[in-house]
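Enquirer: sequence plus predicted model, see below.
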Amino acid sequence: MTEKLPTGEEVMDLTNLSEGMAVELFNIELQKVINNMADVNSPAKARRTVTLKVTFVPDETRQVSDVLIDCESKLAAHRGVKTQIALGMYNGKHIAVEGNINQGKLFDKEPSKPRVVKMSE
């Protein structure tokens with residue numbers, strides 16, 4: 001519980017620092033870590049961190065201080081993916097297409113039309 005002075009002001013603590021923004025910033029980064037841990041595209045056992053940094057810069061009188069609040073998370077990187085491309089020439093220009101162009105497609109874009117063949121009578 002936050003301590004109050006006789007004048008009504010609250011003594012500063014983490015929960016009321018910048019009207020609760022320090023806790024809110026931490027919770028935002030914490031949610032990023034939770035989402036990253038649930039992401040199957042990131043390594044399960046990788047370490048993640050949330051860092052809350054509070055910097056105090058007092059003035060010459062030592063009666064007033066600026067307070068800088070920074071919060072950041074370090075997440076596990078997404079796993080890389082692998083594909084294969086085929087290189088060739090088309091209309092005089094070097095091109096690349098994904099996959100093996102020498103292999104036929106499993107499904108044609110347009111089904112071939114049936115041919116009518118006359119049977120001899």
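Expert: Structure's in. What do you need?

Enquirer: going forward, measure contacts and count neighbours with C-alpha atoms only.
Expert: Will do.

Enquirer: am I right that H94 is in contact with A86?
Expert: No - the criterion here is CA atoms under 8 Å, and H94 misses it with A86 at 10.8 Å.

Enquirer: which one of these two has more residues nearby?
Expert: For H94 versus A86, the count of surrounding residues by other CA atoms under 10 Å is larger for A86: 12 against 9.

Enquirer: for this protein, just list every one of the strands.
Expert: Taking DSSP state E to define them, one finds strands in the chain at 49-58, 65-74, 85-90, 93-98.

Enquirer: neighbours around the closest residue in space to A77 that isn't next to it in sequence, how many?
Expert: What sits nearest to A77 in space, not counting adjacent residues and going by CA to CA, 6 or more residues apart in numbering, is S42, at 5.9 Å. By other CA under 10 Å, the residues close to S42 number 16.

Enquirer: make CSV out of the strands of the chain and add mean pLDDT and distance to E10.
Expert: Below are the strands of the chain laid out as CSV (pLDDT from 0 to 100; distance: least, CA to CA, whole Å):
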stretch, mean pLDDT, distance to E10
strand 49-58, 97, 18
strand 65-74, 97, 16
strand 85-90, 87, 64
strand 93-98, 88, 63
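
Enquirer: for my notes, please list those in a markdown table and give distance to M37 for each entry.
Expert: Shown next, in a markdown table, are the strands of the chain (distance: least, CA to CA, whole Å):
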| stretch | distance to M37 |
| --- | --- |
| strand 49-58 | 11 |
| strand 65-74 | 12 |
| strand 85-90 | 32 |
| strand 93-98 | 31 |
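
Enquirer: residues contacting the residue lying closest to D70 once chain neighbours are set aside?
Expert: Distance criterion CA to CA, 6+ apart; nearest residue to D70, sequence neighbours excluded, is K53 at 5.1 Å. Residues in contact with K53, defined by CA atoms under 8 Å, 6 or more residues apart in numbering, are 69-71.
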